[in-house]
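>>> sequence and computational prediction follow.
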Amino acid sequence: MDRRRFLRGVVMAGAGAFAAPMLNLGRCRVFADGGAPGGGPLRSVRAVDLMGEAAVIDMLGLLTLDWPRLTRWQRQPGSFGEADFARLRASGIDVFHPAVEPNQPDASAAVRRWLDGWDHLLATYPRYFVRVDTLADVARAKAEGKIGLILGFQNSDHFTSVADVEEFRRRGQRVSQLTYNARNRLGSGCQAPDDGLTPFGADVVEAMNRAGMAVDVSHCSERTTLGAFAASTKPVLITHSNCRALVGHPRCKSDAVLRAMAAQGGVMGITAVRAFVRQPQASLDDLLDHFDHVAKVAGPEHVGLGSDVDVDARDPRSGRVRPAYAIEGLDPARRTFEVVEGLLRRGWLAKDVEGVLGANFRRALASIWEAD
């Protein structure tokens with residue numbers, strides 16, 4: 001079943017008493033909004049159809065922030081079930097990039113352990129998941145109604161030599177963020193003194209271009225980010241960030257970076273992290289302002305989704321939305337629908353909303369993943 005039929009089915013299932021009048025008004029409810037007829041706000045049919053037709057990609061989308069649960073899913077057969085799959089599907093996201101910063105003394109060993117875990121999950125649950133190694137796998141995940149997984153990491157400390165790039169690509173890694181917040185052998189993170197991209201970092205970028213692995217600069221400093229653009233012959237991604245013109249946080253990107261990214265064909269995913277959206281409080285409109293700003297500075301073809309959170313942002317102990325993701329007017333569990341609604345309300349063209357939902361990142365990845 002394709003996504004459009006799935007969402008239509010979700011809207012209609014068990015809803016005969018109220019479906020017709022809502023469809024006549026051009027509005028409907030999706031059961032992700034409340035779990036039962038009458039739960040949650042009405043959605044425009046146009047927004048639901050756009051979600052159904054697109055192969056929706058979240059370029060920093062986590063399956064869960066509950067790390068013990070993720071470990072069970074990856075290592076204990078039978079621990080992931082229909083309810084877990086339904087929760088992921090209800091988000092409207094077809095493809096997740098669940099990248100982490102391994103944060104271990106031996107980065108290479110830590111990354112290998114993470115890849116082993118993902119390999120085990122993919123092998124154990126083929127009815128639910130598809131490994132995304134190529135753009136054809138994105139289409140296959142959507143066509144088969146499964147969840148696609150792009151494997152990547154939020155640091156490149158595990159590249160101890162240029163040859164490591166090809167080794168980890170063979171293991172399934174398709175994206176690598178050059179630095180996390182601190183400095184490493186490749187360059188400076190956004191919270192470190194900005195010394196720029198190192199010669200080794202430039203060599204790794206070139207190796208990633210050759211291997212067909214995406215360069216990600218989401219956490220990099222300004223000079224390291226611009227240095228990566230200069231070193232790369234392929235688009236460089238900012239999988240999850242926001243606009244410094246709107247929020248003066250070091251994790252946000254300047255307009256100079258946005259323009260350089262666009263000139264090279266890259267894409268920036270917008271996060272739902274409150275501190276990067278607006279301080280001290282943030283609203284859905286504040287979040288939408290970041291999409292608008294990238295579109296104004298770089299063009300609508302250079303912005304996408306990079307939420308930097310799991311599908312509902314809830315603390316597993318309390319069940320409440322974590323404060324870091326508490327944005328007024330935005331329910332994280334239905335955020336993709338709400339972003340689509342908001343962009344349409346602001347007058348975005350359907351083709352540009354489709355770009356945000358995944359077409360923009362697909363275009364960039366098609367160029368990157370074709371090895372030299």
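Thanks, I have it. Numbering: from 1, shown residues only.
>>> can you list the domain ranges for this structure.
1-53, 55-369 (automatic domain parsing).
>>> winner for burial among those domains?
The highest mean neighbour count among the domains of the chain, using mean count of other Cβ atoms under 10 Å, belongs to domain 55-369: a mean of 20. Every residue, glycine included, has its C-beta placed from N, CA and C.
>>> which stretches of the stretch 151-300 of the chain form strands?
Applying DSSP state E, counting those that start in this stretch to the stretch 151-300 of the chain gives strands spanning 152-153, 175-177, 214-216, 238-241, 268-270.
>>> quick one: the strands in the stretch 1-150 of the chain?
27-28, 43-44, 57-58, 95-96, 129-131, 147-149.
>>> of all the ones you listed, which one is nearest Leu349?
Among the strands of the stretch 1-150 of the chain, strand 43-44 comes nearest to Leu349, with 14.9 Å by Cβ to Cβ.
>>> hmm, Asp312 and Arg87 touching each other?
Yes: if you go by Cβ atoms under 8 Å, Arg87 and Asp312 touch, sitting 7.5 Å apart.
>>> what's next to stretch 242-261, contact-wise?
190-191, 218-219, 221-222, 225-226, 229, 236, 238, 241, 267-268, 270-271, 273, 275-279, 286, 289-290, 293-294, 297-298, 302 (Cβ atoms under 8 Å, 6 or more residues apart in numbering).
>>> same thing but 6 Å
With contact meaning Cβ atoms under 6 Å, 6 or more residues apart in numbering, stretch 242-261 is reached by 190-191, 225, 229, 241, 271, 276, 289-290, 293, 297-298.
>>> then that stretch to CSV, C-alphas only?
Extracted C-alpha coordinates of stretch 242-261, given in CSV (Å, rounded to 0.1, in the frame of the first residue of the first chain):
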residue,chain,number,x,y,z
ASN,A,242,18.6,26.7,11.8
CYS,A,243,19.2,30.3,10.8
ARG,A,244,21.6,32.5,12.7
ALA,A,245,19.8,35.6,11.3
LEU,A,246,16.8,34.6,13.5
VAL,A,247,18.7,33.0,16.5
GLY,A,248,22.2,33.9,17.5
HIS,A,249,23.1,30.4,18.6
PRO,A,250,26.5,28.9,17.5
ARG,A,251,24.7,25.9,16.1
CYS,A,252,22.8,28.0,13.7
LYS,A,253,24.1,28.9,10.2
SER,A,254,24.8,32.4,8.8
ASP,A,255,23.4,33.8,5.6
ALA,A,256,26.9,33.5,4.1
VAL,A,257,26.8,29.8,4.7
LEU,A,258,23.3,29.5,3.3
ARG,A,259,24.3,31.2,0.1
ALA,A,260,27.5,29.1,-0.3
MET,A,261,25.5,25.9,0.4
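>>> for that stretch, what is the distance to the chain centroid?
Averaging C-alpha positions (Cα atoms, centre = their mean, to the nearest Å) puts stretch 242-261 18 Å from its chain's average.
>>> list the residues that contact Met51.
Per Cβ under 6 Å, 6+ apart, neighbours of Met51: Gly92.
>>> what separates it from Ser188, distance-wise?
Met51 sits 38 Å away from Ser188, going by Cβ to Cβ, to the nearest Å.
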